[in-house]
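# model this:
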Amino acid sequence: MTKSSYVGVFLVLVLLLAPAAGADEDYPTNLELVEQATIAAFDSVRVSAPPVPDSDIRIVIEAGHAGGWLVEKIVNERMIERGWDIKVTEESADSAASGDTPYILKIKIVQLDLLYGKQWRRYIIASKVVERVARAAFYLELVDTVEGEMLESTSTRAEVRDVVPAGALDVLSDSKYAFAAPELEKGSTDKYLEGGLVLAIIGVLVYLFYSNKTAS
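Residues are numbered from 1 along each chain as shown. All right, here's what the predicted structure looks like:
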C-alpha cells in the first residue's frame, strides 16, 4: 500500500473512534437534570394553603443534604407563584418549631441525586452512550405551630431520564455538586472491547507500515 493509503486508513480509524465534537452542547448538565426532576416533583404535589387567609408561612427544608440550596430555590419560586406569603429557611426540624410564624411547611429531602444507568454502543466501534437518571423525592408536612398539630402530610417523587455520549460526561458533570456527579463504572464488556480495538488498530498500523515499506 502507498503512504497515502496508510494515512487515509489511519484518519478513518481516528474519526470512527473519536467522540463527536460539541456532543455536549444539546444536553443539560447533570445539575440541570436534577433541577428538572425537582421541579417535576413539586409540580405534581398540591399542599393546601393555610386555613387562615393571608397568614405567614415558613417553609423549612431539613438541613443535611448538599442539594438543600437547590430545593430552597425551586420551592421559593413555586410557592410564590401560588401566591403564598413565605419565608424559606434551611434548618433542623426541632429548631423550626421555635419560630413565631403560625404555619410551617416542613420539607424532608428523601432523595436528590443523579446516577448513570445503562451504557451501550449503537455500533461496534461507535462512541459509547450513557443513560442518566435524575431522582428527586420529598416528604412534606404542614404544621400549625399555634395549636401544635400537623394539618397535612404528603410525599412526592419524580425521575427525569436522558441519554448522552459518554465522552460528554466530563463537561456535563461538576464535582462541586457531588450528589449530581457519580462515577461512571466501566463494564467488563467495555474493557475487553476497548482492549480489542486498541490491539486491532495497532495490528492494522503495523501491517500497513510493513506493507508500505515492502512496496517502496
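# need the contact list for the spatially closest residue to residue 159 that is not a sequence neighbour.
Nearest non-adjacent residue to residue 159, counting by CB to CB, 6 or more residues apart in numbering: residue 135, 5.3 Å away. All C-beta spots, glycine's among them, are computed from the backbone N, C-alpha and C. The neighbours of residue 135, taking CB atoms under 8 Å, 6 or more residues apart in numbering as the test, are 37, 111, 112, 113, 114, 115, 157, 158, 159.
# I'd like the mean pLDDT over stretch 143-157, please.
Across stretch 143-157, the average pLDDT comes to 91.
# got the end-to-end distance for it?
Terminal residues of stretch 143-157 lie 21 Å apart, using CA to CA, to the nearest Å.
# Which strand in this structure has the most residues?
In the chain, taking DSSP state E as the definition, the longest strand is strand 103-121.
# List the pairing partners of the next helix or strand after that one within its sheet, with orientation.
For strand 103-121, the following helix or strand on the C-terminal side (DSSP states H and E) is strand 128-144. Using DSSP bridges, strand 128-144 pairs in its sheet with strand 103-121 (antiparallel), strand 149-165 (antiparallel).
# For residue 122, grab phi and psi.
Backbone torsions for residue 122, taken as degrees, to the nearest 10, come to phi -70, psi -30.
# and it, how many residues sit next to it?
8 (other CB atoms under 10 Å).
# Can you tell me how far it is from residue 163?
10 Å (CB to CB, to the nearest Å).
# Mind listing the shared neighbours of the two?
Between them, residue 122 and residue 163 share these contacting residues under CB under 8 Å, 6+ apart: residue 129.
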